[in-house]
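**Student:** Kindly generate the corresponding structure for this input.
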Amino acid sequence: MTSIDQLPVPGYQDLLRLDGRNLVVVGAGQGMGRQTSHALAQCGARVVCADIDAARAREIAAEVGGVPWVGDVTRADEVARLVEEGAAEAGGPLGGFVDIVGLAEWVGALDLDEPTWDAQFDVNLRHAYLLGRHFGRHLIDTGTPGTMVFVASVHGLTASVRHGAYGAAKAGLISWVRTLGDELGPHGIRVNAVAPGSILTPRIMAAYPDESATERPAVPTPLGKNGRPSDIASAALFLTSALSDFITGQTIVVDGGVTIKDPYIAL
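**Tutor:** Below is the predicted model:
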């Protein structure tokens, strides 16, 4: 303590710890989900590794000493099953989740048909509604102060050229995060999102098989480099931990600074 500041100093390293918490990573099998599973487990959490692909769920659960779960979170009955079975397998109430699920279809706005629009909203927004609803009820019913972290996208904040349905769904997700944060805050439940920019996930790198992550030209970020799945996992870990205990309803942009660039410089 100093002569003018008598406030106690917390153990900041301890605030990052997740010991005793049962957490779910939805879409855990690869990329951002795999990195997030490792981040949470390394900080002490018991991780339920949920994925639609059984092999991927088993593999990442084995990597982090977690619990595999297989199902389709765009279906209400499957999300209810995830909550029930996840809590049973983890040995106690769930303390929240990090949701990685999402996929963009590339098509111009005037060629975007209704089935594609509907499918994009299912995989990018409807499942987030279901997770928020079922996990929120579980946290309240068990009296567990918890966290929800969704992966949104910078395309929910900017134009989304040639994947307009994806951008519209992610914009809806960002609004859903604000609403959940407001409504669930009185129960000690924090809800936030991470909005990635261009991230070199395994799916992206598969499209460039002859280039390594370091050789592929960086998008024009102020930092001059590409993002990695671990960058998103780091932000998700922060929002899950007590280091972010006074943050809710927010979307943290992790894009290397692309969305802060002066749009007129290149004109």
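
**Student:** Now do whichever strand or helix holds Leu173, average pLDDT.
**Tutor:** Counting by DSSP states H and E, the element that carries Leu173 is helix 164-184. The average pLDDT within helix 164-184 is 98.

**Student:** next one: stretch 201-213
**Tutor:** 69.

**Student:** burial count for Leu103?
**Tutor:** Per other CB atoms under 10 Å, the neighbour tally for Leu103 reads 12. In this view, the C-beta of every residue, glycine as well, is placed from N, C-alpha and C.

**Student:** which residues does it contact?
**Tutor:** Leu103 makes contacts with Gln120, Val123, Asn124, Tyr166, as judged by CB atoms under 8 Å, 6 or more residues apart in numbering.

**Student:** Can you show me the strands along the stretch 51-200 of the chain?
**Tutor:** With DSSP state E, counting those that start in this stretch as the criterion, the stretch 51-200 of the chain has strands at 67-70, 96-99, 147-151, 190-196.

**Student:** Any chance of those in JSON lines with mean neighbour count as columns?
**Tutor:** Shown next, in JSON lines, are the strands of the stretch 51-200 of the chain (neighbours: other CB atoms under 10 Å):
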{"stretch": "strand 67-70", "mean neighbour count": "21"}
{"stretch": "strand 96-99", "mean neighbour count": "28"}
{"stretch": "strand 147-151", "mean neighbour count": "27"}
{"stretch": "strand 190-196", "mean neighbour count": "26"}
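
**Student:** Out of those, flag the one nearest Thr36.
**Tutor:** In terms of CB to CB, the element of those nearest to Thr36 is strand 96-99, at 5.1 Å.

**Student:** Quick one: list the elements packing against the closest one.
**Tutor:** Applying 3 or more CB pairs under 8 Å, 6 or more residues apart in numbering; DSSP states H and E, one finds that strand 96-99 makes contact with strand 22-26, helix 31-42, helix 127-142, strand 147-151, helix 229-240.

**Student:** which secondary element of this protein has the worst mean pLDDT?
**Tutor:** In the chain, the helix or strand scored least confidently by mean pLDDT, DSSP states H and E is helix 202-206, which has a mean of 78.

**Student:** got the buried residues for that one?
**Tutor:** Within helix 202-206, not a single residue qualifies as buried, counting by 16 or more other CB atoms under 10 Å.

**Student:** can you list the weak-confidence ranges in the stretch 101-250 of the chain?
**Tutor:** 207-219 (pLDDT under 70).

**Student:** quick check, Asp14 in a helix?
**Tutor:** Yes - looking at Asp14 with DSSP: H, G, I helix; E, B strand; the rest coil, it is inside a helix.

**Student:** Ile252 - that's part of a strand, no?
**Tutor:** Yes - with three-state DSSP as the criterion, Ile252 is located in a strand.

**Student:** do you know how far it is from Pro202?
**Tutor:** 23 Å (CB to CB, to the nearest Å).

**Student:** For burial, what's the neighbour tally of Thr158?
**Tutor:** Using other CB under 10 Å, Thr158 has 15 other residues around it.

**Student:** Quick one: classify the residue nearest to it when sequence neighbours are not counted as helix, strand or coil.
**Tutor:** Excluding the flanking residues, the one nearest Thr158 by CB to CB, 6 or more residues apart in numbering is Thr259, at 6.4 Å. Applying three-state DSSP to Thr259 yields a three-state assignment of helix.

**Student:** so what's Thr259 scoring on pLDDT?
**Tutor:** pLDDT, read off for Thr259, is 94.

**Student:** quick one, what contacts it?
**Tutor:** Val154, Leu157, Thr158, Gly197, Val253.

**Student:** OK, contacts around Ser37?
**Tutor:** For Ser37, the contacting residues are Val25, Ala28, Val47, Cys49, Ile60, Glu63, Val64, Gly66, by CB under 8 Å, 6+ apart.
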